[in-house]
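structure here, sequence nowhere to be found:
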């Protein structure tokens, strides 16, 4: 009977941890920020398999979101990111890049999520290297979702896991670009 009680306690504790991760999210604040740095040389593998260097976007504002299908918080963030990108769809001076960091074995699941959520206003990247994605590591990604906002000069203006902060920065950036 004591063994059964211990087993129930462990099961209860395990379930609590899993539910906490599911409902709270899967993020934390990154330890080292890239804010103020210019584009580091890093490649972004696009979903179609082509490879782009971040520096190719110089002259444009780049909003980069790292997300994963296994994180409910980042799935909400990428949907919101897509809606935000829709508002700026006519603007050629802002790039909305959604870099998925799922494993290569989950490519079909990623495509299904993109289709089901109608993520049509984003430029999609997917290396299949999960958390070992080159751009994610180079930009000091330690959390999901993870946003990095680069200004037109290629300087990181923001790096955060807080999508409210990220979207407010995007709104401000969009308003400044419109006034030029």
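Looks like it arrived, so ask away. All of these numbers come straight from a predicted model, not from anything done at the bench.

helices along this protein, start to end?
Taking DSSP state H as the test, the helices found in the chain are 2-24, 72-87, 107-116, 134-138, 163-179.

what sits against residue 47?
100, 110, 124-126 (CB atoms under 8 Å, 6 or more residues apart in numbering). Bear in mind the C-beta positions are built from the backbone N, C-alpha and C, glycine included.

report the beta-bridge partner residues of the residue most central in space within the chain.
Centroid-nearest residue in the chain, with CA atoms, centre = their mean: residue 66, separated by 2.0 Å. When assigned by DSSP bridges, residue 66 has beta-bridge partners residue 99, residue 146.

rewinding a little: and the helices of the chain, which one is worst for confidence?
Among the helices of the chain, helix 2-24 has the lowest mean pLDDT, at a mean of 46.

isn't residue 70 right next to residue 101, touching?
No: using CB atoms under 8 Å, residue 70 makes no contact with residue 101, being 9.5 Å away.

more crowded one of those two?
Of the pair residue 70 and residue 101, residue 101 is the one with more neighbours under other CB atoms under 10 Å, namely 27 against 15.

the closest residue in space to residue 117 that isn't next to it in sequence - how many residues pack around it?
Leaving aside its sequence neighbours, residue 117 sits nearest to residue 79 (CB to CB, 6 or more residues apart in numbering; 5.3 Å). When neighbours are counted by other CB under 10 Å, residue 79 registers 15.

can we start the residue count at 33 from this point?
Yes, from this point I'll number from 33; that puts the last item at residue 111.

quick check, residue 111 in contact with residue 148.
No: the pair formed by residue 111 and residue 148 falls short of the contact definition of CB under 8 Å, at 10.1 Å.

so residue 198 makes contact with residue 179?
Yes: taking CB under 8 Å as the definition, residue 198 is a contact partner of residue 179 at 3.9 Å.

identify the contacts common to those two.
95, 97, 190, 192.

tell me who's in contact with the second one.
Okay, so that is residue 97. So residue 97 contacts 106, 109-110, 113, 128-131, 177-179, 198 (CB under 8 Å, 6+ apart).

again with residue 135
Here residue 135 is in contact with 160-162 (CB under 8 Å, 6+ apart).

would you turn the residues you listed into JSON lines with distance to residue 205?
Output for the contacts of residue 135, formatted as JSON lines (distance: CB to CB, whole Å):
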{"residue": "160", "distance to residue 205": "30"}
{"residue": "161", "distance to residue 205": "29"}
{"residue": "162", "distance to residue 205": "29"}
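
which of those residues has the most neighbours?
Going by other CB under 10 Å, residue 160 tops these with 18 neighbours.

ok, that one touching residue 142?
No: here residue 160 does not reach residue 142: they are 9.0 Å apart, not a contact under CB under 8 Å.

which neighbours do the two have in common?
In contact with both residue 160 and residue 142: residue 134, using CB under 8 Å, 6+ apart.
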